[in-house]
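[1] Give me coordinates for this.
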Amino acid sequence: MLISVASGKGGTGKTTVVTNLALALAGDYKVQVLDCDVEEPNLHLFLRPKVYATEEVTLPVPEVDGEKCILCGACSDFCAYNALALAREKIILFPELCNGCRGCTMVCPVGAIQERPHRIGVLHRGKAGEIDFVSGRLDVGKPLAPPVIKAVKEQDQGKGIRLVDAPPGTSCSMIEAVRDTQFCLLVTEPTPFGLHDLKLAVGVARILGIPFGVVVNKSTLGYTQVEDYCREEGIPILLKIPFQRHYAALYARGGALVSEYPEWERAFREVFLKIERLVRENARTASG
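    The predicted model follows:
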């Protein structure tokens, strides 16, 4: 089962949920984690994997042969991202704007455009105990996170439980991470900002047609509107994690709840069983 863990805003505890869910299930299931928060990956700080392979993530960007180019402008006219511009004597390339669609290569009437790889990030593969670990990191200054996220998701083994740690927010990066997953676990916090951004994330999940549920972190802060909203919208709350100083201290040390408190291992296992049930119910509804 492919499960994404997302949040409408940063700092809600998304990576905490991924870490604890992975550790709680690893004893009985084959587990793979995919850290798709490529602009700020931090899952490795908690799982501490041994990395055995590293590879570059690249995009195919055009390279124009000035001797063949007839300055027709077909490539620059085609490019929706303005990565190519027709100047008086040559085609100018802005590689940072290129999305690697290869359209300019196809529309060039004289075959003057070839492709060369342009690095935008790096991919790490490793093992954290029995957990298979994949993480992507976008290079500093590069604007395109979705291709790196896609490269991470291409490492999906297609069997067992795969947990996607999605980027925060509801931008293209988050959508690339959660789309095609079988369930989306939305992590929120009981604050006005948490509620506002949860509503945005719920909207994304509904548009994508992905079944979803909510984890409320720091649930004892006293702001009840988040739970009221979930109840009114019929959104299942699968877990509530209370705000405790010793939990925060454990997190600051890079620890995991399931490693220190047996009751949380049981709780996260129950979350997965609830997810399984919701996925089955959604499948029955879709087919019937």
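
[2] And the helix or strand harbouring I120, how far out from the chain middle?
    Secondary structure assignment for I120, by DSSP states H and E: strand 113-128. Strand 113-128 sits 17 Å away from the centroid of its parent chain (Cα atoms, centre = their mean, to the nearest Å).

[3] any idea of the mean pLDDT for it?
    Strand 113-128 carries an average pLDDT of 96.

[4] what's the span of stretch 32-46, first residue to last?
    15 Å (Cα to Cα, to the nearest Å).

[5] which neighbours does the strand holding I120 have in its sheet, and in what orientation?
    Partners of strand 113-128 in the sheet, by DSSP bridges, are strand 50-64 (antiparallel), strand 131-138 (antiparallel).

[6] Low-confidence stretches in the chain?
    The model of the chain has pLDDT under 70 over residues 288.

[7] what are the ranges of the strands in it?
    2-6, 31-35, 50-64, 84-86, 91-93, 113-128, 131-138, 161-165, 183-188, 212-217, 237-241 (DSSP state E).

[8] Out of the ones you listed, which is the most enclosed?
    Mean neighbour count, computed with mean count of other Cβ atoms under 10 Å, is highest for strand 183-188 among the strands of the chain, reaching a mean of 27. For glycine as for every other residue, the C-beta is placed from the backbone atoms N, C-alpha and C.

[9] Format the CA atom coordinates belonging to it as PDB.
    What follows is strand 183-188, C-alpha atoms only, in PDB (Å, rounded to 0.1, in the frame of the first residue of the first chain):
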ATOM      1  CA  PHE A 183      -4.300   7.100   1.000                       C
ATOM      2  CA  CYS A 184      -3.300  10.500   2.200                       C
ATOM      3  CA  LEU A 185      -2.700  11.100   5.900                       C
ATOM      4  CA  LEU A 186      -3.100  14.800   6.700                       C
ATOM      5  CA  VAL A 187      -1.200  16.000   9.800                       C
ATOM      6  CA  THR A 188      -2.500  19.200  11.400                       C
END
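
[10] and that strand, which strands flank it?
    Applying DSSP bridges, one finds strand 183-188 paired with strand 2-6 (parallel), strand 212-217 (parallel).

[11] got JSON lines for the strands of the chain, with distance to V226 too?
    Converted to JSON lines, the strands of the chain look like this (distance: least, Cβ to Cβ, whole Å):
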{"stretch": "strand 2-6", "distance to V226": "16"}
{"stretch": "strand 31-35", "distance to V226": "26"}
{"stretch": "strand 50-64", "distance to V226": "36"}
{"stretch": "strand 84-86", "distance to V226": "47"}
{"stretch": "strand 91-93", "distance to V226": "48"}
{"stretch": "strand 113-128", "distance to V226": "31"}
{"stretch": "strand 131-138", "distance to V226": "30"}
{"stretch": "strand 161-165", "distance to V226": "22"}
{"stretch": "strand 183-188", "distance to V226": "6"}
{"stretch": "strand 212-217", "distance to V226": "6"}
{"stretch": "strand 237-241", "distance to V226": "9"}
